[in-house]
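Novice: sequence isn't available, so here's the structure alone:
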């Protein structure tokens, strides 16, 4: 039986949440703490909403969770943009 791990989007979300966690451990400092915490939470939210939504497929609830995951993905990219703008991340690292 297939489960949420068969989704390519979940694979990418898993990798991103792991990378965000590792990044936050590597560059953590008190001033960066709020942005790094938000980055960790938003990347994890993408992953978890894909998992939760998968259990409701196919239905409107599945689409609802996909929309939440998409919103969290956009939020994650904005956190990375902010960290790049303040000089906490180099361009290539933020783009990745």
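Specialist: Structure's in. What do you need? A quick note: this is a predicted structure, and the numbers were derived from the prediction, not measured.
Novice: when you work out contacts or count neighbours from here on, use the C-alpha atoms and nothing else.
Specialist: Noted.
Novice: contacts only, for residue 17.
Specialist: Counting by Cα atoms under 8 Å, 6 or more residues apart in numbering, residue 17 touches 40, 43, 44, 47.
Novice: and the residue lying closest to the third one once chain neighbours are set aside, what helix or strand is that in?
Specialist: The one in question is residue 44. Excluding the flanking residues, the one nearest residue 44 by Cα to Cα, 6 or more residues apart in numbering is residue 17, at 5.4 Å. Element membership of residue 17, judged by DSSP states H and E, is helix 8-27.
Novice: pull the distance from that helix to the chain's centre.
Specialist: Centre-to-centre, helix 8-27 and its host chain are 7 Å apart (Cα atoms, centre = their mean, to the nearest Å).
Novice: just the buried ones from the contacts of residue 17, in ChimeraX syntax?
Specialist: Selection of the buried residues among the contacts of residue 17 in ChimeraX, burial being defined by 16 or more other Cα atoms under 10 Å:
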select :40,43,44,47
